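Colleague: Provided below are the primary sequence and the corresponding predicted coordinates.
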Amino acid sequence: MQQTKEQTIARWGFYLLGMVLLALGLTLNTKTGLGASAIVSVPFTVSQATGWNFGNLTLVVYCLFVWAEFLLKGKNRQWIDLLQIPLSIVFTRFMNLFAGVIPYENGNLPADIALLVVAILFTGVGAAMTVAMRLIPNPGDGIVGTIAQISGKELGFCKNCFDLGCVSLSLVIGLCFGNVLLGVGLGTVISMVGVGRAIAGFNYLCKRPLLQATGMN
């Protein structure tokens, strides 16, 4: 179906809004003091251990994801996949921006839990919006989608396995620095379940109107 100019603008607008919400959600998750979301738990753990910038470390990890996609796809790789790298640069700049301007101090468990719920909602809605627009995938989604395509396994199963692998690696890194839970906590576990539910809820309520507004239905 041919999209009108207005529908194309709306499609990119929803995509960019989704990216901003996703970056905000991932950042808020770290602000709770309850651990990072699984997909960014490795760079967050390294950041906590070394003091290096979390957003910059996330950019490095995302570039590694894109590199892994190219290796896994082999002859089926597409150069357009490299657009995930400039996307990641912009995405992680938003993460740094949010980390700098949100002055939240964790330590009050009820408030931390409330912020975690907000973080999970933003992360889920942001991820659902970007995926629905079918433009440039976030590298975290791109690598999982590639693994699912190559393995023939269901996407949700691959996502769960990949998240589990990220958390396991984070625990090992934390252990090497003397604190196994350095970047992983209750918020990591809750977000592994909650983000998927937030995505499902958003898709149930909003995906069809979103696709209609962008001429993609």
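Modeller: Thanks, I have it.

Colleague: scan the protein for its longest helix.
Modeller: Scanning the chain for the longest helix, with DSSP state H as the assignment, gives helix 5-31.

Colleague: list the buried residues of stretch 74-93.
Modeller: 81, 84, 85, 87, 88, 91, 92 (16 or more other Cβ atoms under 10 Å). Where you see a C-beta, it was placed from the backbone N, CA and C, and this is true even at glycine.

Colleague: residue 160: which of the residues you listed is nearest?
Modeller: Of all the buried residues of stretch 74-93, residue 160 sits closest to residue 84, with 21.9 Å by Cβ to Cβ.

Colleague: tell me if I'm right that that closest one and residue 140 touch.
Modeller: No - the criterion here is Cβ atoms under 8 Å, and residue 84 misses it with residue 140 at 9.8 Å.

Colleague: one step back: following the longest helix of the chain, which helix or strand shows up next?
Modeller: Remark: after helix 5-31, the chain's next helix or strand is helix 41-50, criterion DSSP states H and E.

Colleague: who does that following helix touch, helix- and strand-wise?
Modeller: Helix 41-50 sits against helix 54-73, helix 155-176, with contacts defined as 3 or more Cβ pairs under 8 Å, 6 or more residues apart in numbering; DSSP states H and E.

Colleague: dump these to JSON lines, plus mean neighbour count, distance to residue 195 and mean pLDDT.
Modeller: Output for those, formatted as JSON lines (neighbours: other Cβ atoms under 10 Å; distance: least, Cβ to Cβ, whole Å; pLDDT from 0 to 100):
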{"stretch": "helix 54-73", "mean neighbour count": "18", "distance to residue 195": "16", "mean pLDDT": "95"}
{"stretch": "helix 155-176", "mean neighbour count": "17", "distance to residue 195": "9", "mean pLDDT": "93"}
